[in-house]
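*Asks:* For reference, the sequence and a predicted model appear below.
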Amino acid sequence: MLSLGSNHLTGIIPTSITGLAELTLLNLAGNNLTGSIPPTISLLNKLSVIDLSYNLLSGPIPEALSALPNLSSINLGNNQLTGPFPSSLANHASVTFIGLQSNHLSGSLPASLSSLPSLVYLLLATNNITGSIPDTIGTLSLLSNLDLGYNQLSGPLPSTVANLSRLRTLRLGANHLVGSLPANLQQMASLEYMHLAQNNISGSIPAAIANLTALSFLNLRNNNLTGSIPSSLGTLANATLIDLSANQLAGSIPNSITGLISLVYLAVHHNNLTGSVPADMGRLTTLSQLDLSYSMLQGSLPASLGNLTLLTDLQVDGTGLQCARGAGASWSSRARQHSASAAPSSAPAALCEQSASCQRTTFRSTTFRSTTF
């Protein structure tokens, strides 16, 4: 084992490293190494784990890595590597971890990914990968974390993704995906984190999303979703963040959403929502940020919002919502107290703007609007 991570090493990886014939683990992560990965690394026949992440390595990923018969984990993330995803990596049936995120990789995802039956982590976010997500991705039955966000992927989200029953994290945001959400989402019973924001996904939000009882993070912002917010969303008892903003959702906010007692952040702004805010919204006692702005919501903000002692950001700009008489004073008082007591580096200060006739109340936050999740 050779572990020299998080030091201040510079220069290139010496080819002499191949003289360590018994090496099983190579950790050079978190340094300032430059140059390319030497192809002669393939001579380390016993190497099982290689971690060269967080360096300044450049050039292509050498095909020679496929010659390592015992390879189980490869982490080359956060470098400056170029070229395509090496399809030869699919020759390793025992590989459990592939981390190539935050590089400059291009090309498409090979269908041969299906030849990695032991894969648990596939991290390829923040590259320049194009093409579609292969249907064969659904055969990776042990996959727990699939991160392909911030690439140039296009085409539909394959329905086979729903076959990944052990998947806990699904990050496909900031691509060019089209089509609808898989109707058989209920098969993804282990899913905790779903980030599909900033795509071109259309259709409705499937009612089957209610079966994702482990889900804590749901971000569908900036798509072309239509239909209504399904009332079944209110069964996601573990949800802490739900962002459905910047879509084309219509109808009212379902009353069932007031049952999400763990919710911290709720954003439904820039939709076509109508009706009023559910009267029992004050049940969401952990809620910190609520954005209802730029919709067709009408009526009075419910007085129960005064129960939300953690609420620091309430956005209602561009709506027909009005302040419930008697509630605005308590919000204004709490906002001033928060602003006066907060340290400069703590939670964002809230500013309550209220007219003398109590026709409008808006909390504004200086930071944290769901743009970078």
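*Replies:* Here it is on my side, so go on.
*Asks:* Quick one: residues contacting the nearest residue to residue 248 once chain neighbours are set aside.
*Replies:* Leaving aside its chain neighbours, residue 248 sits nearest to residue 226 (4.9 Å; criterion: Cβ to Cβ, 6 or more residues apart in numbering). Placement of C-beta: from N, CA and C, glycine included. Taking Cβ atoms under 8 Å, 6 or more residues apart in numbering as the contact definition, residue 226 lies against 202, 203, 204, 247, 248, 249, 250.
*Asks:* Run through the bridge partners of the spatially most central residue of the chain.
*Replies:* Nearest to the geometric centre of the chain sits residue 195, at 3.8 Å (Cα atoms, centre = their mean). Beta-bridge partners for residue 195, by DSSP bridges, are residue 171, residue 219.
*Asks:* Please apply the same query to residue 98.
*Replies:* Bridge pairing for residue 98 (DSSP bridges) gives the partners residue 74, residue 122.
*Asks:* residue ranges for the helices of this structure, please.
*Replies:* Under the criterion DSSP state H, the chain contains helices at 328-341.
*Asks:* pLDDT weak spots in the stretch 201-350 of the chain?
*Replies:* Within the stretch 201-350 of the chain, the segments meeting pLDDT under 70 span 324-350.
*Asks:* Would you map the strands across it?
*Replies:* Under the criterion DSSP state E, counting those that start in this stretch, the stretch 201-350 of the chain contains strands at 202-203, 217-219, 224-225, 241-243, 250-251, 265-267, 272-273, 289-291, 298-300, 313-315, 320-322, 350-354.
*Asks:* In a markdown table, list the ones you listed along with mean neighbour count and distance to residue 44.
*Replies:* Formatted as a markdown table, the strands of the stretch 201-350 of the chain follow (neighbours: other Cβ atoms under 10 Å; distance: least, Cβ to Cβ, whole Å):
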| stretch | mean neighbour count | distance to residue 44 |
| --- | --- | --- |
| strand 202-203 | 14 | 48 |
| strand 217-219 | 22 | 39 |
| strand 224-225 | 18 | 49 |
| strand 241-243 | 23 | 43 |
| strand 250-251 | 15 | 59 |
| strand 265-267 | 23 | 46 |
| strand 272-273 | 18 | 58 |
| strand 289-291 | 24 | 50 |
| strand 298-300 | 14 | 68 |
| strand 313-315 | 22 | 52 |
| strand 320-322 | 18 | 64 |
| strand 350-354 | 18 | 56 |
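*Asks:* So which of the ones you listed is nearest residue 12?
*Replies:* strand 217-219 (39.9 Å; Cβ to Cβ).
*Asks:* elements contacting that closest one?
*Replies:* Packing partners of strand 217-219 (3 or more Cβ pairs under 8 Å, 6 or more residues apart in numbering; DSSP states H and E): strand 193-195, strand 241-243.
*Asks:* For the nearest residue to residue 57 once chain neighbours are set aside, list the residues it contacts.
*Replies:* Nearest residue to residue 57, sequence neighbours excluded (Cβ to Cβ, 6+ apart): residue 79, at 4.3 Å. Neighbouring residues of residue 79 by Cβ under 8 Å, 6+ apart: 52, 53, 54, 55, 56, 57, 58, 102, 103.
*Asks:* Using JSON lines, lay out the helices and strands packed on strand 217-219 together with distance to residue 312.
*Replies:* Formatted as JSON lines, the helices and strands packed on strand 217-219 follow (distance: least, Cβ to Cβ, whole Å):
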{"stretch": "strand 193-195", "distance to residue 312": "23"}
{"stretch": "strand 241-243", "distance to residue 312": "15"}
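*Asks:* Minimum distance to residue 139: which of those has it?
*Replies:* Closest approach to residue 139 among the helices and strands packed on strand 217-219 (Cβ to Cβ): strand 193-195, 20.4 Å.
*Asks:* Pull the residues that contact the closest one.
*Replies:* Under Cβ under 8 Å, 6+ apart, the answer for strand 193-195 is 149, 168-173, 212, 215-220, 373.
*Asks:* and of the residues you listed, the nearest to residue 186?
*Replies:* Scanning those for proximity to residue 186, where the rule is Cβ to Cβ, the winner is residue 212, at 7.3 Å.
*Asks:* Phi first, then psi, for that closest one.
*Replies:* Here is the backbone geometry of residue 212 (degrees, to the nearest 10): phi -90, psi 70.
*Asks:* Quick one: residues contacting it.
*Replies:* Taking Cβ under 8 Å, 6+ apart as the test, what residue 212 contacts is 185, 186, 188, 189, 191, 194, 236.
*Asks:* could you dump those residues to TSV with distance to residue 72?
*Replies:* Putting these into TSV (distance: Cβ to Cβ, whole Å) gives the following:
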residue	distance to residue 72
185	31
186	32
188	25
189	27
191	25
194	28
236	35
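*Asks:* Turn the residues you listed into CSV, columns for distance to residue 277 and neighbour count.
*Replies:* Listed next are the contacts of residue 212 as CSV, based on distance: Cβ to Cβ, whole Å; neighbours: other Cβ atoms under 10 Å:
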residue, distance to residue 277, neighbour count
185, 27, 22
186, 29, 16
188, 31, 25
189, 32, 14
191, 29, 25
194, 25, 23
236, 19, 24
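*Asks:* Out of those residues, the closest to residue 121 would be?
*Replies:* If you rank the contacts of residue 212 by distance to residue 121 using Cβ to Cβ, residue 191 comes first, at 15.2 Å.
*Asks:* Which of the helices and strands packed on strand 217-219 sits closest to residue 310?
*Replies:* Each of these has some distance to residue 310 by Cβ to Cβ; the shortest is strand 241-243, at 14.2 Å.
*Asks:* Off-centre distance for the closest one?
*Replies:* Centroid displacement of strand 241-243 relative to its chain, using Cα atoms, centre = their mean, to the nearest Å, is 11 Å.
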